[in-house]
Every structure is written in C-alpha cells, then in structure tokens.
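[1] next come a sequence and a model predicted from it.
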Amino acid sequence: MAQVRLSGIAKTFGKVTALDAMDLVIDDGELVCLLGPSGSGKSTLLRIIGGFEMPSEGTIAIDGVDVTDLPPEQRPTAMVFQSHALWSHMTVFGNVAFGLKLRHLPKAEIRDRVERVLDLVGLSGYGARLPSQLSGGQQQRVALARSLVIEPKILLLDEPFASLDQHLRERLRDEVRDIQQRLGITAVFVTHGQDEALAISDRIVVLADGRMQQVGRPGEIYAEPKTAFVAGFIGAMNMLDGTLADGEILASGLRLPAEGSGLARLAIRPEDISLTEPEEGRTMTVRRMIDFGAHVVIDGKLADGTHLRIQTDKAIRVSQGEQIGICVESWTVFTDGDEPRRYRSDTVRSFRGARYA
Amino acid sequence: MVTVSHPRAEGGRLSGLLLVALPVVLLIWLVLWPVLQAFVGTLYFPGKGFSAASYVYFFSDAYSLRNLWLTLWVTALTSALRVAFAMPIAIYLRFRKGSIAAFVQSLALFPMFVPSVLVAYAFIRVLGPNGIIDTLLVAVHLPKLPSPYLAPAGPIIGLVWEGLPLTLLLLLSGLGRVSTASVEAARDLGAKGWTIFTRIILPRIQSSIIVALAFNVLGLFSAFTLPYLLGPASPEMMGPYMQRTFSDNADPLNATTQAVITFAFCAAFGVIYVRAIAKGRKGPA
Ligand SMILES: Nc1ncnc2c1ncn2[C@@H]1O[C@H](COP(=O)(O)OP(=O)(O)OP(=O)(O)O)[C@@H](O)[C@H]1O
Ligand SMILES: [Mg+2]
C-alpha cells in the first residue's frame, strides 16, 4: 500500500555517527529486512522511518509525501517493539483496542475489528487476559495485533522475536510473512539473524557501522556479496587473508588463480569446497568432523594453522588428523576499493566415490 | 542432596530473621513501647482508675479541633501540591536526557540539603512583610501583596519546597518502571501527552504515588520547624500545638493525648503505605 523513499538520511548522536548518507527505496508491499551486527544502526534507521528519531540530514517520503517532520502518530506507520511494550495494566482487548479508541470509533466496530485482528494472529478468545497471563510468543502476537489493528500502510518491526526461542521465532516470523503478504502491506523488519533475513525478506539491506553495505534479494546477497563484510556476515564463509601475485592468490598455503596484486581477502563458502587427493598447495589436516545429519561439516587446519570449514555430503567419512586434499569450486577475492572478483574452477575432479563409507 | 538443601534453607531463614531483627527491636523499643506508654498514660491513672477525659476534652474543644482540622488540610494540600509539582519534573527527567536535564535534576534535589531553619529565614526575607518581593513591588509603584508569612500559606509554601526532592525521587523510581517502548507504542498509535500520562503512565506509577503521598503525610502531620516559624499563631498545626501545650502550658496529659491522636492518624496512613508497597511487590507496575 505504500512506498518509502529515504534520501540522504544521516543521523548523529553527539559525536557518534549512527547512520551515514542512506538512500533507499522500499517498494509497495515489499518486506525488507535490515540486517547487521549490533550497533550498526538498524534500530536508528527503523525509528527514523517511524518518526521516533529525527534524521540529522536527509528526507523521508511515504507515497511521495514528505513526512520528515511529522511525529509518529501522523505517519501511516506502526511499530512492533522488541519487548516490554505491552501495557500490563490493560487486558489483551484493551491493548489492541487502544489505537481504535483514540480514533473514537463506535464500540461495536472496535469490538469487531479487535476480534478480527486477534483471530488473524491466532489469539481469538484471549481478549480478557492480562499480558502477564500470556507466554512470550503470545505477548508478541498481541503487540503485532495492536499495530495491525489500526491498518497501517507500513509495519515496522524491531527485532520483535529476539527474546523468544528458536522454534517459536521461526514460526512467528513465517506468520508475520504470511500476514504481511495477505494484507499486502509494506514491512521493514530489523534483525541480526541472517537466517531470519534470508527466510522472509523480499530484499535485505545489510548495514555495518551506519553504512549500507549491500541491498539485494536474499539469494543475490548470498551468492554475490559486494563487500568482504557482507561475505563474512551472511551465511557461513571461510575468510582468509592473502596476497595476490602472478595471477594467483596465496592464502595460508592455499593457491588459487586470481588477478591483481597486493593484499586481498579470499572468501570461500564451505559448500564450495570438495574433497580430492592431497596435492601441493591443496591440503588440509582434519581437526573435527561434525555430522549434522543432512550434511557433514569438516573443520580443518591449513598449512599455517588457519581454520577452514568444508560442508560436504552426509555419507563422507574422514578421521581426525587425516590429511585430505581439497578442491575449491568457487571463490571470491576482495581487494580494497575494487569490485570483488568471483572465480569458478572448471576442473572439478571428483574424489567422492572413494570416500563413501 | 536433600540433606544438603535442608540446612541451607535453615540458614537462609536465620539470616533473614537477623536482617529484620534489628529494625523490629528498634521499632518496638523506640516507637511502639512509648506509644503504648503514652496511650495507657492518657487513659489509666494509678489510684484513680480509667478515664478518657483528656480525649473527650480534645474532641469537644473547639480550638483543638480547629488545630486538628488545620493540620489535616495543610497536610493534604501540601502532599497534593508536592506530587503535583514533582510529577512534571519527574516526567521530564525520566524521558529527557542531556545536560539541561542534569541541571534541572540538581536544582530540584537542592532543597534536600538545606536545613528547615534556613528555609524559614530565606522565606521571611523574600516573601515576608517588607521582604524582597514587597520591595520590588514598591519599586515599580505597585501595591504590596498580602504576605503568606504567619498565614497557613506560609508553612505550605515552605513545606512544598522542602519536600519536593523526596517526592521527586519516589516518583522517579516509579517512572523507572515505565518502559520507553510502552510510551512510544502509545505515541505510535496516536496518543498525545495527556492521554499517555493518564492512560499509560499513571496506572503504572499508582503505587509510587500512594507511597509518595503516605510518606509526605507522615512527615507533614507532625512537621514542626516550618509551621512554628512561618505559620499562624492561631489556629496552629499539631506540631507547634503539642510543643506549646507541653512546655508553655505545662500540661503533659493533654500534650500526650494530642500526640496519641496524631500518631493514630499517621498510623492510618502507615497502613495505606504498607498496603501500597505490598501491592506494588505483587505484580510488575
Ligand atoms: N539515543 C542514542 N544516543 C546516543 N547514541 C545512540 C542512541 N541510539 C543509538 N545510538 C548509537 O547509534 C549506533 C546505532 O545504534 P542502533 O541502536 O541503531 O544499533 P542496532 O543496529 O539497532 O543495534 P542492536 O542490534 O544492538 O539493536 C550505536 O553506536 C549506538 O550507540
Ligand atoms: Mg536495535
């Protein structure tokens, strides 16, 4: 229902720069995740969209209307806070009805809309309870219902499920995604869990130190990280320091083809490494094998002691201390100030047959 | 395992008892015992038997009743004013940060460090007859205002000023339990300042307000210095009245009776205070 346009948004708290020169367009009906480590400015950006913080620079427009100077109550946004934001002296009904009562709607309509939204979040029949009589997950559902009931155009969620356990978090985030798609509203979801972001977003905005590192679809961010930071932050990644010379990168005794010269970082996904016969510049000592059931992760040491993780077939078996050969199928080289370069090896020699248990 | 946990629980109970033992002993020795003594002393006279004559006298003497009434309404009004003045400051301090807030806070807590006698004399210099205010008014050719000095307003102004810091601290501790997010959530849904205050903040700090009021009432009911130095001579508040009955009139029986009656009123507020605390303990505010 609404498009958000951020232009040149910056925010400083005294001497701390929380956000720097942010340009972003969030499309109608899109769910965008703000993803980044603690202190990267996710909450600050969300609060600026919601009107709880004024940007030091830049403008925000919603559906083409400049809302930069409007307070939260005059924006078509609704925020779901991380925790402790329910009013413990009011019942669930009272909490959800609050926004409607402020709008002086007739009693019957309030009752009707509250019941419908409680039904939507799976809490019909809980209206008379106090928040303290609900589980953590149910409390966050009430918070969600309270925001949804006023039919906002844009739903803002600041790590809404961070205090819940993994299972519940997964279930609730899927529900949020469902509801958001069913209602067709625009949503901005703050999280520092990459799996959460990958699972529900249309697009992910990766933040670090108040700067946008990359904006893109989940698959894109995973497959083609633009900076070494994004590469290391999204998904499991082996990050090695190395030097470029003579069409090769040398990192921790590992040699791979790459262009350029000077210092660089080599990024390899664990699933992009396969096992092969040991060979000069391509060996690793097994430290540990972790069996996840669906796949196996081998934690090993390169020549200089650097750790390297390999994710491979569940049927592969290796033993501790064993020397194994590795074959890197694709890798990315990051150099300062340059676009990352991606490489694929076309000579994937399979050694799997010999290793099956 | 079971045998280990038993002595440990025992030890916990013992140290718990020790913790409360000292205050309880002091309470009995310094408060309850003298009160009981005073109470019995005003009702039972060795050799003459029981007599409630001093109470009958107090409650039929127009002057005593006027003093009691004055004390009651001055106490009520002063407590209410203290909370009313402290509340906006407390809310400001709770939801604003920065150097101005720090300055406001130190300014608001300042009266705590000023002795009552100084307050009284500063008051007389500023608001008393021919004080600074009068001098300024005369300087710009305006008529003098009726001075609150030696009127009920005198002690009220002084007492409000003196009691503001403690009230402020009590309210601040209550507001500490109101999360910023819960206020922002209300704002997000369209609530304005007054609605947020009455619907979100007030219900959560109720127990703190009751505690603040009860604390104030206890202190004010028997306030002496400011009512004595700034208040009217007749009627007078219970504090000065007791003191005068005791030493000027050399009438310990009636002074004690007044003290017992004062204590009874304070005890009633004490009960309210304890209840509020117990209620605040039960659920998160
Ligand atoms: N009110 C404030 N006053 C001063 N500095 C602030 C304030 N709010 C945020 N900051 C600073 O701005 C930076 C970004 O904070 P922000 O809360 O947006 O991070 P975040 O990405 O949400 O982190 P988290 O994952 O821990 O919630 C941090 O360095 C923080 O210290
Ligand atoms: Mg945050």
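    Alright, I've got the coordinates. Ligands and ions are numbered 1, 2, ... in the order given.
[2] tell me the contacts of residue 262?
    All of this is about chain A. By C-beta atoms under 8 Å, 6 or more residues apart in numbering or on different chains, the contact list for residue A:262 reads A:243-244, A:335. Just so you know, the C-beta spots here come from the backbone N, C-alpha and C atoms, and that holds for glycine as well.
[3] sorry, should have said chain B
    B:71, B:221-222, B:238, B:242.
[4] turn those residues into JSON lines, including neighbour count, secondary structure and pLDDT.
    Listed next are the contacts of residue B:262 as JSON lines, based on neighbours: other C-beta atoms under 10 Å in any protein chain shown; DSSP: H, G, I helix; E, B strand; the rest coil; pLDDT from 0 to 100:
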{"residue": "B:71", "neighbour count": "24", "secondary structure": "helix", "pLDDT": "92"}
{"residue": "B:221", "neighbour count": "20", "secondary structure": "helix", "pLDDT": "84"}
{"residue": "B:222", "neighbour count": "18", "secondary structure": "coil", "pLDDT": "80"}
{"residue": "B:238", "neighbour count": "26", "secondary structure": "helix", "pLDDT": "91"}
{"residue": "B:242", "neighbour count": "22", "secondary structure": "helix", "pLDDT": "91"}
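[5] ranges for the helices of chain A?
    Assigned by DSSP state H, chain A shows helices spanning A:42-50, A:92-102, A:107-120, A:136-148, A:166-183, A:194-200, A:218-223, A:228-233, A:352-355.
[6] within the helices and strands, which one has the most centrally placed residue in chain B?
    By C-alpha atoms, centre = their mean, chain B has its centre lying nearest to residue B:216, at 1.4 Å. Using DSSP states H and E, residue B:216 sits within helix B:202-221.
[7] following that helix, which helix or strand comes up?
    Helix B:202-221 is succeeded, C-terminally, by helix B:225-230 (DSSP H and E).
[8] helix, strand or coil for residue B:243?
    Under DSSP: H, G, I helix; E, B strand; the rest coil, the three-state class of residue B:243 is helix.
[9] again but with residue B:169, I slipped
    helix.
[10] which non-adjacent residue is nearest it?
    Once flanking residues are discounted, residue B:169 sits nearest to residue B:109: 7.6 Å by C-beta to C-beta, 6 or more residues apart in numbering or on different chains.
[11] so which of the contacts of residue B:262 is the closest to ligand 1?
    residue B:221 (43.4 Å; C-beta to the nearest ligand atom).
[12] that older thread, buried set for the helix holding residue B:216?
    For helix B:202-221, a neighbour-count test (16 or more other C-beta atoms under 10 Å in any protein chain shown) marks B:204-221 as buried.
[13] try stretch B:179-194
    In stretch B:179-194, the ones that count as buried by 16+ other C-beta under 10 Å are B:179, B:181-191.
[14] with stretch B:232-248 instead?
    Buried residues in stretch B:232-248 (16+ other C-beta under 10 Å): B:232, B:235-242, B:245-246.
[15] by pLDDT, rank these and give me the bottom one.
    In terms of pLDDT, the lowest of the buried residues of stretch B:232-248 is residue B:232, showing 85.
[16] how close does it get to ligand 1?
    Look at residue B:232 and ligand 1: by C-beta to the nearest ligand atom, to the nearest Å, they are 51 Å apart.
[17] any idea how far that residue lies from residue B:147?
    According to C-beta to C-beta, to the nearest Å, residue B:232 and residue B:147 sit 12 Å apart.
[18] ok, back up a step: and the helices of chain A as a markdown table, adding mean neighbour count, mean pLDDT and distance to residue A:211?
    Output for these, formatted as a markdown table (neighbours: other C-beta atoms under 10 Å in any protein chain shown; pLDDT from 0 to 100; distance: least, C-beta to C-beta, whole Å):
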| stretch | mean neighbour count | mean pLDDT | distance to residue A:211 |
| --- | --- | --- | --- |
| helix A:42-50 | 23 | 95 | 11 |
| helix A:92-102 | 23 | 95 | 35 |
| helix A:107-120 | 16 | 94 | 37 |
| helix A:136-148 | 23 | 93 | 29 |
| helix A:166-183 | 16 | 92 | 26 |
| helix A:194-200 | 19 | 91 | 17 |
| helix A:218-223 | 17 | 92 | 15 |
| helix A:228-233 | 22 | 92 | 9 |
| helix A:352-355 | 11 | 37 | 42 |
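[19] can you redo the ones you listed as TSV with distance to ligand 1?
    Below are the helices of chain A laid out as TSV (distance: least, C-beta to the nearest ligand atom, whole Å):
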stretch	distance to ligand 1
helix A:42-50	3
helix A:92-102	24
helix A:107-120	27
helix A:136-148	16
helix A:166-183	15
helix A:194-200	13
helix A:218-223	17
helix A:228-233	13
helix A:352-355	41
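[20] adding distance to residue A:18, write those helices out as JSON lines.
    Listed next are the helices of chain A as JSON lines, based on distance: least, C-beta to C-beta, whole Å:
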{"stretch": "helix A:42-50", "distance to residue A:18": "4"}
{"stretch": "helix A:92-102", "distance to residue A:18": "29"}
{"stretch": "helix A:107-120", "distance to residue A:18": "33"}
{"stretch": "helix A:136-148", "distance to residue A:18": "24"}
{"stretch": "helix A:166-183", "distance to residue A:18": "25"}
{"stretch": "helix A:194-200", "distance to residue A:18": "20"}
{"stretch": "helix A:218-223", "distance to residue A:18": "23"}
{"stretch": "helix A:228-233", "distance to residue A:18": "17"}
{"stretch": "helix A:352-355", "distance to residue A:18": "49"}
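[21] let's have the ones you listed in CSV, adding distance to chain B.
    As requested, those are arranged in CSV below (distance: least, C-beta to the nearest C-beta, whole Å):
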stretch, distance to chain B
helix A:42-50, 7
helix A:92-102, 4
helix A:107-120, 13
helix A:136-148, 7
helix A:166-183, 17
helix A:194-200, 20
helix A:218-223, 29
helix A:228-233, 27
helix A:352-355, 49
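[22] of these, which approaches residue B:100 most closely?
    Set against residue B:100 and scored by C-beta to C-beta, the helices of chain A come closest in helix A:42-50, at 22.0 Å.
[23] helices or strands next to the strand or helix carrying the residue nearest to residue B:169 in the packing?
    Per DSSP H and E, residue B:109 falls inside helix B:99-109. With contacts taken as 3 or more C-beta pairs under 8 Å, 6 or more residues apart in numbering or on different chains; DSSP states H and E, helix B:99-109 sits against helix B:62-95, helix B:153-175.
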